[in-house]
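>>> Quick one: sequence and predicted model below, then my questions.
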Amino acid sequence: MSTTSWKVLPMPETTRELLTSEGWKDLEFVRFRDGVSIHWIRPFQGDQPGVALLKYAAGASVPRHRHEGLETILVLDGVQSDETGDYGRGSYLVNAPDTEHSVWSETGCVVLIQWDRPVRILEEERV
């Protein structure tokens with residue numbers, strides 16, 4: 001008979017409720033980039049991933065950047081776009097490490113995002 005020992009951890013570390021039904025509207029966001037604000041759920045700590053909500057104003061964008069690790073996105077509201085398409089509410093995106101794109105929202109949007117590693121902005125490096 002095998003005896004497996006499991007480490008019991010307190011769960012959950014942090015909670016944000018009703019995100020898919022606009023619960024994000026009650027959260028505090030701070031400036032991330034021009035036209036894009038952020039609400040950190042779990043900031044980067046050491047080699048641990050970062051988790052946040054990004055809120056794009058209509059017409060806002062993030063310049064071309066490279067993913068240094070896996071990036072996952074769930075669109076909670078509006079439409080987020082990149083060079084490969086437009087992604088509306090409920091869309092789930094996975095961007096592999098070492099991929100590049102720019103992101104924008106013509107109408108504004110809110111996304112739940114997890115980055116394994118911070119992204120590297122490419123366009124600003126060329127200035």
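Perfect, I can see it now.
>>> CA atoms of stretch 50-64 as PDB?
In PDB, the C-alpha atoms belonging to stretch 50-64 read as follows (Å, rounded to 0.1, in the frame of the first residue of the first chain):
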ATOM      1  CA  GLY A  50       2.400  37.700 -12.700                       C
ATOM      2  CA  VAL A  51      -1.400  37.800 -12.800                       C
ATOM      3  CA  ALA A  52      -3.300  41.000 -13.500                       C
ATOM      4  CA  LEU A  53      -6.300  42.700 -15.100                       C
ATOM      5  CA  LEU A  54      -5.600  45.100 -17.900                       C
ATOM      6  CA  LYS A  55      -8.200  47.700 -18.900                       C
ATOM      7  CA  TYR A  56      -7.700  49.300 -22.400                       C
ATOM      8  CA  ALA A  57      -9.400  52.600 -23.100                       C
ATOM      9  CA  ALA A  58     -11.000  52.900 -26.600                       C
ATOM     10  CA  GLY A  59      -8.100  53.300 -29.100                       C
ATOM     11  CA  ALA A  60      -5.400  52.300 -26.600                       C
ATOM     12  CA  SER A  61      -2.500  50.000 -27.600                       C
ATOM     13  CA  VAL A  62       0.600  48.200 -26.400                       C
ATOM     14  CA  PRO A  63       3.600  48.400 -28.800                       C
ATOM     15  CA  ARG A  64       5.200  45.400 -30.400                       C
END
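>>> Show me what the mean pLDDT comes to for it.
Mean pLDDT, stretch 50-64: 97.
>>> List the residues that contact the closest residue to residue 78 other than its chain neighbours.
In this structure, residue 78 finds its nearest non-sequential neighbour in residue 109, 3.1 Å apart by C-beta to C-beta, 6 or more residues apart in numbering. From N, CA and C alone the C-beta is placed, and that goes for glycine too. Listed by C-beta atoms under 8 Å, 6 or more residues apart in numbering, the contact set of residue 109 reads 55, 56, 75, 76, 77, 78, 79, 80.
>>> any idea how far residue 109 is from residue 24?
Remark: distance between residue 109 and residue 24 (C-beta to C-beta, to the nearest Å) = 11 Å.
>>> Work out which residue lies at the spatial centre of this structure.
In the chain, the C-alpha nearest the mean C-alpha coordinate belongs to residue 113, at 1.9 Å (C-alpha atoms, centre = their mean).
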